[in-house]
Structures are given as structure tokens and as C-alpha cells.
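Novice: build me a model:
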Amino acid sequence: MKANIIMNPHPMTLRPTDTVATAADRILKHHLRHLPVVDDQGRYLGTFSVYSLLKLTLPKAVLDKHGLDNVSFVTESVEDLAQRLGKRRDEPVKNWLNIHEVARPDTHAMEIMLLMLHGRTTSVPVVNKTNNRLEGIISFWDVLEKLVGENP
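Specialist: Purely as a prediction, here's the structure:
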């Protein structure tokens, strides 16, 4: 089975100029983890995700890859975290994209599952090789439905 059979060919997307607030609203409203970001020609630029929101919310010291192993002393409240995110709400999503490996329409399902596993992601964008246009997206749920036979 190939990507073009499994994928959602009409995923919800964002534009690079959409705001963090718009992205957060869509993620919450539609229970999404990842939103592909495309330009005016439909070319895939990256993904804004719940991980992007976490990066915007957590203190920089916690995120530093050479930083803290233990953050139990950080005593920020939920209100503090919400305030930090609120200050970033008008920023464009293009500043917070995650770039993952992509599948092609003819990529086999096993390769897609490996992309998910190795990329630690629950969705893989399907992108046209010649023009980099987003063709669709494959979520963990799409794969699981095929595996358990709910949507053969």
C-alpha cells in the first residue's frame, strides 16, 4: 500500500503568515497535532504542531539542548505559561515550523511508519517531488485504521 491510498488528500493547512493564535485555535478546535504550512502555490514549507506551542510556552532555559536535566525547581504556574504563550499569539507561524521528512505519493506504508517512528511524529506530509506541493498528509490514525481493518 502506498501513501496516495492512505493519505488525507485535503488536510487543513496554514499559511506562513497565519498567527500562532490562529494555529492554536485550529489545533484545539479540531483536535489536531500537526498542521502543514503551505505557501500561495501550495508548496510545503513545514509543520506547525503542538510541539511548536510547547516551545512557545516553556521557559528558554528549559528548552536549551545543553541546559537543564532537572527542572523541578521551576515554579511557574499555568497562568505564567499562558501569559508567555499569549505574548506570542500574534507571531507568524513561519517562525515556528518543524521540518520533518516527507513522503512521496508512491512511498510504501512501511516506509511511512518508519518515518513516523524515527521522526517521533504522528503525521507525515505527502509532497510532490517535482514541485514540492503538498498532496496530503498521513496521520498515525490513517495508518492504524488500515492496519486494524476499520477502513480497508
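
Novice: do me a favour and average the pLDDT over stretch 100-109.
Specialist: Summarised as a single mean, pLDDT over stretch 100-109 is 93.

Novice: ignore what I typed, I meant stretch 41-55.
Specialist: On average, stretch 41-55 scores 94.

Novice: what sits closest to Tyr51 if chain neighbours are left out?
Specialist: Leaving aside its chain neighbours, Tyr51 sits nearest to Asn98 (6.2 Å; criterion: Cβ to Cβ, 6 or more residues apart in numbering). Placement of C-beta: from N, CA and C, glycine included.

Novice: ignore the last one, Arg104
Specialist: Using Cβ to Cβ, 6+ apart, the nearest residue to Arg104 is Lys129, at 5.4 Å.

Novice: run a quick neighbour tally on that neighbour.
Specialist: By the criterion of other Cβ atoms under 10 Å, Lys129 has 11 neighbours.

Novice: report pLDDT for it.
Specialist: Looking at Lys129, its pLDDT is 94.

Novice: how near is it to Val38?
Specialist: Relative to Val38, Lys129 is positioned 16 Å away (Cβ to Cβ, to the nearest Å).

Novice: and for Arg104?
Specialist: Going from Arg104 to Val38 by Cβ to Cβ gives 16 Å.

Novice: one more: His10?
Specialist: 12 Å.

Novice: how about Pro125?
Specialist: From Pro125 across to Val38, the span is 9 Å (Cβ to Cβ).

Novice: what sits in contact with each of the two?
Specialist: 44, 134 (Cβ atoms under 8 Å, 6 or more residues apart in numbering).

Novice: of these two, which one has the most company?
Specialist: It is Pro125, of Pro125 and Val38, that has more neighbours when counted by other Cβ under 10 Å, with 27 against 21.

Novice: for the more buried one, name its beta-bridge partners.
Specialist: Beta bridges link Pro125 to Ile137, judged by DSSP bridges.
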